[in-house]
Every structure is written in C-alpha cells, then in structure tokens.
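Undergrad: predicted model, plus sequence, below.
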Amino acid sequence: MRGKVLPVMSLLAALSLLVSCGRGPTVTPAAGVTPPGTPLVSPATPAPDVLGVLPREETLIVAQLTGRVGTPDDFNEWVGWKWRDRGMQQLMNEPLWSVDFATGKIINGLAAGDPIYSEDFKKVTIPLRKGVAWSDGVPFTAADVVFTVETLIKHEGFNAHAFFAENVERVYAPDDYTVVFELKQPNSRFHTTFLDRWGSTWIMPKHIFEKVEDPVKFKFNPPVGTGPYKLHSYDPAGYWTVWERREDWDKSPTGILFGEPKPKYIVFQAFANEGAKILAQLTHQLDAVDLSAEGLKAALAQGRTNRAYQKTFPWVVNNDPCITGITFNTAKPPYDNPEVRWALLLAIDIVEYEAQAVDGMATLSPIHVPSLGPYIDYYIKPMQEWLKEFTLDLGNGETFKPYDPEAPRRLAEYAKSRGYAIPDDPAFISRAFGFGWYKYAPDVAEKLLIKNGFSRDAEGKWRLPDGKPWRIEVISRSDMSHLEFKNAAAAVQQWKKFGIDAVHVPSDNVSALTQNGEYDVSGNWPAFEPWGAGPDLYRVLDPFNSAYVRPIGQLTQGHTSRWSSPEMDDVIKRLRETDPTKTEQVVAIGLEGLKILVREMPGIPTFGYIGFISWDEHYWTNWPGAENPYTQPYTHWGPFKYMTPFLQPTGR
Amino acid sequence: MKVIQDLFRDYRFTVSFCVLCLLFSLAFLTIFSPYDPTRWGVVPRDLKPSWEYPLGTNSKGQDVFWQGAFAIRNSLIISVIAGVVSRIIAILVGMVAGYRGRLTDRVLMFVSDSFLVIPLFLIVVMLAMLIRQMMNLVTLGLLLAIFGWAWDARLIRSQILSLREREFTQTAVLSGSGTLRLVLKEYMPFATPLVFSTLINNMSWAIGMEMTLAVLGLVDMDTPTLGTMLQWAISYQAMLLGYWWWIMTPVVLAILLFVALYWLSVSISEYLDPRTRLQRIGAQ
Amino acid sequence: MVFLRRYLIPRLIQYVLVIVFGVTVVFLIPRLAPTDPIASTIAQIRSQGSYLDPATVDQFIEDLTELYGLRGSLWEQYIALWMRLLRGDLGVSFFQFPTPVIVLIGRALPWTVGLLLTTTVLGWLIGNILGGLAGYFSRHKWSQALDILAMLIRPLPYYILALALLLLLGYVVRWFPIAGGTSIGMRPSWTWTFIWDVLRHSFLPALSLVILGGTLWFQTMKLVVQNVNAEDFVQYAKLGGVEEGKIVFRYVIRNALLPQVTGLGLALGQIFSGALITEIVFSYPGLGMLLYNAVITGDYNLIMGITLFSIVAITTAILIIDLVYPLFDPRVRYR
C-alpha cells in the first residue's frame, strides 16, 4: 500500500517542479536586467482564440483596476459609485480638462482653453470646444453644461449636489460655446471640479436627461458620451465591459486632437485574483495590467512578449503624482506630540524599509509630495538647503540634523546587492532613488523619547510615559499588494527592531476606521495627492485645514491624521487667494506649507507611488513606456483615451 | 499496555503515530528557534534549500524551515482547540438531544439550528473586525469551535435516534442503567467513528477557515500558520517565480498532518469496533 | 391529529423562531461592527486621489444618511426593517446605490445556485457511491487506492487545490478559460453557443468543488459503511446467503445513508452564502463576493438581503430533513 503513496506524492512534487522548472530564482548579476525564473510554457504555444465574438487583432484587452462591476447595467456616474474605470472615464467620457502627469500638461477636452477668473474669483468663464458631438450624433453645446449644473443643484441624490449647491449662484451660456459661472463666494479653484484627475464632474447629454423623470434613479443605459468609444456590450455579472470605436470618432475631442484611435474594440476585464491576471497575460488574453511588485517579477519571468514601463531596473512607473508613507492619528496621544512622531521616523532605516516594502524600486521623498514629475524642480531641489539645515532639539542643549542626502546612494547599494544593474550615474540615482531622506538614528530617537518621558523596561521594550507598555497598531487595507499594506508592514518591522511592540492589523474596513479616527497609526498616504500637473499644492495642503477636523468618532472631511495648525491655516488661506496659474507665488506658498509639514510630521512621507504595469506586445505595441512617455501609462486613468490613437497593431 | 500493543500491530497506526510525533516535536522545537517568527529580513532572501537553510528562505527574508515549524505549531493550536471544544459540545448536545427527546431535544435543536442559520462567514468576519485587538490563536480557535459544532451535533443526534430504537437500548433500560452510563457505554462506541471522522473534518475545516480568513487578511498576517504562510507565498507569486520550497512546505505539512489524523482515527475506530461487537455478543 | 398537534405545530413554531432570531442577529452584528456605509462610499468616491471638495463633505454626509435611511435609533430602524421585510421589500444597496437589493441578488443567484447545486449533488452522489462501495469492499486493492487518493486530496487547502487546477488546466494545458463566467462580448441568450460557453467557464470551478465535496463525503461514507457492514444483521444476511447486491443496497447503504442525508440537506441550505474562495480564484460570478463586499462596506440592506435567503433556505432544509427522516429510517419516530 505504501507503494501507492509514492506515485501521488511524486505527482505533487512534479507539479511543483513543473512550476519551478529547475532553474533557481537566485539573482545573479548577469540576470540583473530580467527578473528570475523560467517560463512554464514555451513561447511557441499559440494563443487560443479566446474571444470568439470579437476579432482579437482589432481588440485591446485591459484589466480593470477596481475589480468586478457591482452595477453592470447602470452608467449614471453622477450618483454613488459606478466603477467608472470600467471604461466610462477613459473612453466614453471626455472631461473639460484632463491632467496628464507624464507630460505635466493639462489637456483641453471639451474646453477650448483655460478658465478665466474675475479679479475677485467670484466669476469664471469657460470657453468650449467646437465641432464635438455626442455619440448619438447630437452636437455638444454650452446648454449641456448649464443643464448639468442646474440638474445637480436640483437633486440631493447626486454626489456633486452639495458642491454645486454651496458654490454656484448662477450658471448661464452667453453663446453656444461659452459658459459662465457666478459663484456664491470667492473660489480660485472652482474649475477643478471639471478637471479629470481620476474622475471629475461629467457633462450630461441634455437631450437625454431632460426627458427623464428622476435623473437620480435613471440608469443611463445605453450611455451617451463625447468620448471616442461607445458601449458595445457588458457582462451582466460585471466581469467585462466592451467598448467599440465610434464611426464618428472625429467628432470627439480625442479624434480632433490626436486622430483615429487604433483598436476597434477595447475590453475592460475584471479579475478577482492576481494569479489569474498574470496567467491571462501570459496567454495573450490581456494586453495591459497593473500588478504587484512580485506579480510583475513573475510576469516578466514567465512571459516573452510582455514588458514593464521601464525596460530595465526598476521597471516600475515612477512618475505617479502620489506620495505614500505612514499617517499618525494626531488626535490620539502619544501621536499628538511631534517629537514622538519624529522619534518614530528616526527609528526607521529607510533602506531596509524600502527593501522590505518594494525591493528598492521606488523613489524616496523627504517631503509630502513625491520626488517625481514637476515636483522635483518646483519643490524638492529648492528645499535641499533648508532640509540640510533643519535641526531637531533633543533637550539638554543637544541638537541633531536629521536630513541625509546620501540615503539614495545607500538604496542604490542595496539594489546592487540584489543583483540589479545600476549605473553609477548620479543623475540615474537621483531619478530612481530620490534626492535624500532622513538618517537612521535610533540613538537620537531614544533621546527624543526619553525627553518626552518614555522609558525602556528591563528587556529593552519601550514604555509610555505613564509606564504602560507601548503597543502600536498599524492598520492598513488587507490587499497585500497595495502600497498601504507594504508601508504598514515595513514600518512595523522597523519599530519592532527598535523595541516597540508594533503589530500590523490589516482590515478591510480601514476607510471607516481612519475617517472616524479609530486607529493609532495607518499606512494611509501621509498627504493628499497634488493635481499631477502644475505647481499648485492646494489639494495637498487644504485637507489640513482646521475647519475640517472633527472629534474622534465623527467622519473627518480632511486628512485622516486630523492634524491642523493656525500656521497652516494661514498658508491655506493665502493659497486660496492666489491665482493657481501664477507659478512663482504658488510655489512660494507651497514651500512654506511643505516646511511646516516636515517640522510637524503628521505623517511620514517615504516613497512615491509606483505602478507595476505589464504590457503585452503580442498584439499591440508603442506603449507609452519610460523611453517614450507621450502620455500617462495607466489604462485606468482618464487620459487613456489619448493613448489609443498611438497604439500600433502588430497585425498578428 | 495490551491496548497499545494491539494498536501498533496496525501499520497505519504506527505510521500516523510516528508522523504526529514528528509534527509535534517540530512544534515543540520552535522553543529553540533562533529567529522571531514575526520579524522579516533575518536571513538572505529567496534562497534555495541548502545545508544552512534546509527548506530555503522566502522573499520576506525568513527561514522557511522555522516558519514551517511555527506554522504547524500555531495551526495545531487553532485546529485542536476548535476541533476538541466543538466535539465536546457536539457530543453533549447530540447525545442528550437524541436520547432525552421531547422538550430537551426541541430546545437543544433550536439552539443548534440558530447556530446553523446565522451565516457563519458573516459572523466570523464581523467578529474578526470587532475583536481585532484580542484576535490570537486561542480566541480564533474558540471562535471556530463555537460555530463548528451545530452540524455535527445533528449527525450524532441522528445516530442516537436510530440506535435508541434498537433492542439493546431497551435491554439496558430494563436492566436499570442510568442515562449517562447508558449513553457512554452503549452509544459511545457506535458514535466513536463518527466523532473521529467529524473531528478530522472539523480540524480540516478549522484550518480551511483560518486559511480563508488569511486570504482575506482578517487574521494577524505576521503570525505564521499554515494559512498565513500559504497566503504570503501565493501573494508573493512563489508559484510563478519558482520558489517551490516556500509554497510546498505548508502544503506538505498540511497533507502529513491530515493523513496522520485520518489513519489514526480509522485505525482506532476499527480497533474499537470488534471489541464492542464481542461485548454485545457477550451481553446477550 | 396527534402528529399535527404534538409534533408538526411546535416544529413549525421553532422554524419561525429560528428565522426571527437569525434576522435579529444579522441586523445587530453589522451595526455593532466598526463598518460604516457612509465612510465606505466617500472613501470609494475619493479613491485613486479623485477629488471631493472637503468643504462640502459635511453636507454630502447629511444627504447620504437621509438617502440610506440611517436616521433614527437602533430600535426604530429594527421596526422599520420588519415593516419592510413583511412588505417583501429588501431596500436598496448603499454601495451600489440606488440599485435595489433584490436586483443584485437576482443577478448573482443563478450563478451561485447553478454552480453549487450541481456540484453539491454531484459531489454527494459520487462521494457516497464510491465511499459506500469502498467501505463494503474495503479489502479490495482499488478500494484502498481510492482511500489513499481521497486521503491525500482532502487535506490540500482548497485555495491551493483550486489554484493548481487553474494553473494546470487553464495555463499549462489550455483547455479551460482562466477567468469569468462568460466569454468577452458574449450576450446572454438561449442559444447552444452561449450555454456551451457558460458550461466551459464553469467547468474548473465545478471540478474543484466536486473534488472537495466528493472526498469529504467519500471518507465519511466509507467509515460509516465499514461500521454498518460489521453489524449483526449484515453478517446474518451474509450467512443467510442473501444476494451481495441486495445486501449492499438494502441493508448497508440504506442504513449508512441517514447521516449523509442530513449532511446533504444542510449543504444544500448553505448554498445561498455562495462560495467565496471559488469566486476569487476563478473570477466567477456569485453571491460570495457580493456578500463579502457588502460586509466590508457595511452595506446593511444587502447583507440582510443575502443572509435572509440563506437563513430561510437552511431553516427550511433542516425542517424538511426532520420531516422526512422517518421515511429513511423507519425506526425513528416523530416525537
């Protein structure tokens, strides 16, 4: 009988060997360019005809970021959450303006140019593009914009109801291609509600919505938009949505600006787990996908026709305008004390931290905007001198300068030790790893804590000033590939090493916990993301407005750290009164705000958001990779529509 | 002593006994672990098995051998607590309900039905969120035990219902045996195979449940268990990156554990059965 | 009449009480747990850094509280819930606002029932038939081989089993699709192409569930049959020269089946909570993900809607089992 056990066991072993294919994953310097591993299936295997209904060579398939659509037959994006990244914001809809963070430009969509504000910021005039038609052929005019705003004000069920009801006094169209807003109070950033930055206020087709009895319950199916594609079909179970190129694509801003979109059909497909995404791409059933760090490694190791954003280390998309890190709940002691927050920062060895979080692939930033895109020149470089001189008071007359411009070099050393090919070019190092971070100084952290009444017990474990053991719970969402999770996990490791009883608590209801203030420390972004184009930091700083802070247990409207200060309030007030297009003034105020954030450290900025994109070049090429970043690279961002005219079919 | 000797005559008992001993000693070995199992980066990453690291290292910079040892220990703790506690409840409820009948049966079955109808998954997820801070191996085991007995109580009750109509019950009742004595002496041997097989099923369910919670990230992911270890390996794409030692360790450990438990239970119930038959023949 | 008064009516009262109890628990638990439907909605609308002017969030929260019907004390909401349920209204989903809960369930239910009903019954039949035979002929080589196979498959964590099937049959040999319930661009219709497409997509999830269920039933059945087989009446029958097939089916299987029938009933009742891991691994539509998402976003109405189905189904399954018990085992009387 024991003889029978063997075949089964060997079957299992064979399965695992099949997967590993013998060759070890240890990275040798020679293999530095491509990640380890050997393909499971030889590249010669033909791709099966998966579509049946759609011609594969004319179809582009991309993974949907937010997963399976819960409301597949409902396209009324103005109410609740409608999984707008299923193609609605990318292909069906054109916004007035879009942010393209790769080029740092604002693209005019339905608008013909910049908004024109009056001196007192109480009146905005927006010029609209001529020659645009809705996908059912009706021309787009200013009447659609006026109708949209008036409808949103009329019904409470719309998400944007509160915004427009509180801001807009009157909206009217002097002619078919101009719209004028009169505002209830001065607002220098009113137009940004129409600026697509992963969503914006969309324009309703008046000729459809005016016939609808209850526009809140209306399903808007089939949807009508001004984008270059229209709905073809969707899965009633919510796993895929197919879009078809409009015959009159030249009546959409995309067509007018960039020409004919190449794919005839574009499919957004949802997957419930990452393994399936990778397998789908390896079998050429998925052209573009966002993965985790490990997922990208696996996809590159197994695939032969797929590529990452950068063709060599660090592979990732590193021009995303978002900064990741750690957020403290400053409404809860001891995290209400900036010196405690600084001590926790100095207890972090950033090289080890980033190694554990993302294997050294991300760019460090010491301030609350990422060291990427336009922010390097506007803020990171001008702040270097100030950062180097920035001093902490450790008590007893001791001081400490925490800034470390050498941190990126240390990170580069780590990456080399992992076998990745790193050029010694300082320009490469500052681009890939940043301009600096803070020193690893556990001794200084210790002094700061002792100064504030903390102590170590006999085993070296930290105790709070009241003598109780110090336990830090770091919460994050539970998706293990998310950078919130990675930041939280890495911080916990660092603080454990420092002698604090830190635990990582992933939870799926992290949004409720953080917004209600029921947590100590979280892996949330330490600051809101900036626009992604231009120097304006209004979006970063305004959430720290003291007007938004609520007591614990109530939903906050601002940043989840619940931190504010009169000094910051003043900065925000001045920024509000400044025209966002006046670069010099905006940057000067922005610098002030960022310096306050460094001093106060309501959250620790660590590295900029990195995207692990994998593109398959089997059917489509000319992706906007690092060597040719003609537009932002994501398929879930609105400007994906502006990528479609540039993609090239391989004709396979 | 004779019992042990008889049992060891069955090779299945011998094998499973040895495997269990091995697993338990692995669990005890964790006392001597050179590493804190919750810490990352204590060894170089992604190394193949070697003399220094017998089962290799994982992408978090941990020694897979020690992770496996901790995982088997922690999973044993959870599943044994869940299995044994829920078995005790199930046997008590099932036997009393089945034997006493009438109102007692009705009340007990109301309770067990209530436990069955509350969607277990909802409760476990919600409770996991509620008692986040207190969630450890023991509370998780107890939580699973509280929701893991109702089904099996019904199974045992149905067995008892069928047994009590048989003649030996009447004989025993006529000869004046007490309830407890009757239940233990006459019914237990019949129920034993069922109890054992539901025990393995329950332990495997507990580990499966723990695995599900780990997949959803509702348990402490830094505490190694078979579930969390697998989840880390899967989400770090160990399968496609070829780190087979990382993913196969928890799988093989799980197989060893359950094969051993299964053979043990089969062997014991087979051993129990002829004895009871002989006894019954003797009694008649 | 005695049966009606002494057994059936109290049993029906118990049936109703269990349902009321279940609904109350499902009402309370999510409201006690730290989930917040409004926070979830706002967080989702703000996801990926999309902008919601902080100055107007207060008013937005007010609007949502009104729309979601979350005003009033717990007690008032509980009464309102029963008023709604008794009218047959499950309300609207919060996270999928304003889609009615019944529509969401109606969309997911066919997938879940189709997949789980088939696999539960198939797994039960295969497991029990093989288990019964293997238990009866436990000395045969093939019986022992089956036993070992089941023994090795059973402890495989389901997640791994499912992933391995996906990897082997979806990728290494490309026989089955990797994800989804239908092919891209396929519109639902009663054509052979569509049905075939659905069957092809459901094969892998079904296979994984049949393997899992089958081995479980197999092991239980084998043990029970071995036990019954050793009992006096079977031995007498054998000695009395009763035909082999007759012994297996009339005496052994029939007697061993009682606990298995109980199990099947409960398994069928539990179908309505869906199969979450299956849905995750195979990106398959169904109630599992719907319920899980409802739980984590604090979508009270949707949680109640799905679990109500599940509560009623399980309670009814138990009721039916209790009522048909004596048909299978005449020795059990209603009491």
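TA: Sure thing, it's come through.
Undergrad: name the helix or strand for the residue in the stretch 551-652 of chain A positioned nearest to chain C, please.
TA: Ranked by CB to the nearest CB, the top residue of the stretch 551-652 of chain A for proximity to chain C is A:Gln557, at 3.6 Å. Every C-beta, even on glycine, is put in place using the N, C-alpha and C of the backbone. Assessed by DSSP states H and E, A:Gln557 sits outside every helix and strand.
Undergrad: do stretch B:223-239 and chain C meet at all?
TA: Yes - Stretch B:223-239 lies within reach of chain C by CB under 8 Å from any CB of the partner chain, at B:Leu226, B:Gly227, B:Leu230, B:Ile234, B:Met239.
Undergrad: the second one contacts B:Leu213, doesn't it?
TA: Yes - at 7.0 Å, B:Gly227 counts as touching B:Leu213 under the criterion of CB atoms under 8 Å.
Undergrad: quick one, which of those two is more surrounded?
TA: B:Gly227 (29 against 23; other CB atoms under 10 Å in any protein chain shown).
Undergrad: confidence score at the more buried one?
TA: For B:Gly227, the model assigns a pLDDT of 88.
Undergrad: for it, grab phi and psi.
TA: Main-chain torsions, B:Gly227, degrees, to the nearest 10: phi -70, psi -50.
Undergrad: same question for A:Trp615.
TA: According to degrees, to the nearest 10, A:Trp615 has phi -110, psi 140.
Undergrad: over to the one 3 residues further on?
TA: Dihedral angles phi and psi of A:His618 (degrees, to the nearest 10) take the values phi -70, psi -50.
Undergrad: count the residues that sit near it.
TA: Residues near A:His618, counting by other CB under 10 Å: 20.
Undergrad: is it in contact with A:Arg652, as I believe?
TA: Yes - counting by CB under 8 Å, A:Arg652 is a contact partner of A:His618 at 6.5 Å.
Undergrad: how about A:Val62, secondary structure?
TA: strand (DSSP: H, G, I helix; E, B strand; the rest coil).
Undergrad: apologies, that question was intended for C:Glu76.
TA: Taking three-state DSSP, the label given to C:Glu76 is helix.
Undergrad: from chain A, how far out is it?
TA: 21 Å (CB to the nearest CB, to the nearest Å).
Undergrad: which residues do B:Gly227 and B:Leu213 both contact?
TA: B:Val219 (CB atoms under 8 Å, 6 or more residues apart in numbering or on different chains).
Undergrad: what sits closest to the closest residue to chain A within the stretch 151-284 of chain B if chain neighbours are left out?
TA: Relative to chain A, the nearest point of the stretch 151-284 of chain B is B:Gly217 (2.7 Å; CB to the nearest CB). The spatially closest residue to B:Gly217, leaving aside those adjacent along the chain, is A:Ser478, at 2.7 Å (CB to CB, 6 or more residues apart in numbering or on different chains).
Undergrad: any idea how far A:Leu152 is from the residue of the stretch 551-652 of chain A closest to chain C?
TA: 19 Å (CB to CB, to the nearest Å).
Undergrad: can you tell me the element the residue in the stretch 151-300 of chain C that chain B sits nearest to falls in?
TA: Here the residue of the stretch 151-300 of chain C nearest chain B is C:Pro155; by CB to the nearest CB that distance is 3.1 Å. According to DSSP H and E, C:Pro155 maps onto no helix or strand at all.
Undergrad: go ahead and confirm it touches B:Ser204.
TA: Yes - contact criterion CB under 8 Å: C:Pro155 and B:Ser204 qualify, at 6.2 Å.
Undergrad: what about chain B, any weak spots by pLDDT?
TA: B:1-2, B:132-133, B:165-184, B:272-284 (pLDDT under 70).
Undergrad: output the below-cut-off pLDDT ranges for the chain.
TA: Defaulting to chain A. A:1-52.
Undergrad: that was the other one, I meant chain C.
TA: For chain C, the ranges with pLDDT under 70 are C:1-4, C:48-50, C:230-233, C:249-250, C:259, C:326-335.
Undergrad: most distant residue from the centre of it?
TA: Distance from the centre of chain C peaks at C:Ala55, with 45.2 Å (CA atoms, centre = their mean).
Undergrad: if we can go back for a sec, tell me the secondary structure at the residue nearest to B:Gly217.
TA: Strictly by three-state DSSP, A:Ser478 counts as coil.
Undergrad: helix or strand: which one has the closest residue to B:Phe110 other than its chain neighbours?
TA: Leaving aside its sequence neighbours, B:Phe110 sits nearest to C:Gln14 (CB to CB, 6+ apart; 5.4 Å). For C:Gln14, the host element (DSSP H and E) is helix C:9-32.
Undergrad: just checking, what packs against that helix?
TA: On a contact count with 3 or more CB pairs under 8 Å, 6 or more residues apart in numbering or on different chains; DSSP states H and E, helix C:9-32 meets helix B:102-117, helix B:120-130, helix C:74-86, helix C:300-328.
Undergrad: so in chain A, which strand runs the longest?
TA: strand A:168-175 (DSSP state E).
Undergrad: just the buried positions in that strand, please.
TA: Buried residues in strand A:168-175, counted by 16 or more other CB atoms under 10 Å in any protein chain shown: A:Val168, A:Val171, A:Ala173.
Undergrad: which strand residues bridge A:Glu244?
TA: A:Lys230, A:Tyr265 (DSSP bridges).
Undergrad: how about it, what does it touch?
TA: A:Tyr229, A:Lys230, A:Leu231, A:His232, A:Lys264, A:Tyr265.
Undergrad: give me the phi and psi for the residue of the stretch 551-652 of chain A closest to chain C.
TA: phi -100, psi -20.
Undergrad: B:Ser86 too?
TA: Dihedral angles for B:Ser86 - degrees, to the nearest 10 - are phi -70, psi -30.
Undergrad: cool, and the one 4 residues further on?
TA: In terms of degrees, to the nearest 10, the main-chain angles of B:Ala90 are phi -60, psi -40.
Undergrad: okay, now it: neighbour count?
TA: So B:Ala90, with other CB under 10 Å, has 27 neighbours.
Undergrad: surely it and B:Thr198 touch.
TA: Yes - counting by CB under 8 Å, B:Thr198 is a contact partner of B:Ala90 at 7.2 Å.
Undergrad: what touches both of the two?
TA: Common neighbours of B:Ala90 and B:Thr198 (CB under 8 Å, 6+ apart) are B:Asp152, B:Leu155.
Undergrad: now the helices and strands packed on helix C:9-32 as CSV including distance to A:Thr514?
TA: Shown next, in CSV, are these (distance: least, CB to CB, whole Å):
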stretch, distance to A:Thr514
helix B:102-117, 34
helix B:120-130, 14
helix C:74-86, 25
helix C:300-328, 21
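Undergrad: which stretch among those helices comes nearest B:Ser50?
TA: Of all these, helix B:120-130 sits nearest to B:Ser50, with 38.0 Å by CB to CB.
Undergrad: now the closest one and helix B:102-117, what's the angle there?
TA: 70 degrees (axes from the mean of the first three to the mean of the last three CA atoms, to 10 degrees).
Undergrad: give me the buried positions along helix B:120-130.
TA: Buried-residue list, helix B:120-130, by 16+ other CB under 10 Å: B:Leu120, B:Phe121, B:Leu122, B:Ile123, B:Val124, B:Val125, B:Met126, B:Leu127, B:Ala128, B:Met129, B:Leu130.
Undergrad: if we can go back for a sec, neighbour count for C:Pro155 and B:Ser204, which is higher?
TA: C:Pro155 (26 against 23).
Undergrad: quick check: A:Glu210 vs chain C, distance?
TA: Taken as CB to the nearest CB, the span from A:Glu210 to chain C is 20 Å.
Undergrad: how about that residue, what does it touch?
TA: Listed by CB under 8 Å, 6+ apart, the contact set of A:Glu210 reads A:Phe147.
Undergrad: what's the neighbour count on A:Glu413?
TA: Neighbours of A:Glu413 (other CB under 10 Å): 12.
Undergrad: nearest residue to it in space, please, no chain neighbours.
TA: Leaving aside its sequence neighbours, A:Glu413 is closest to A:Val351 (7.9 Å, by CB to CB, 6+ apart).
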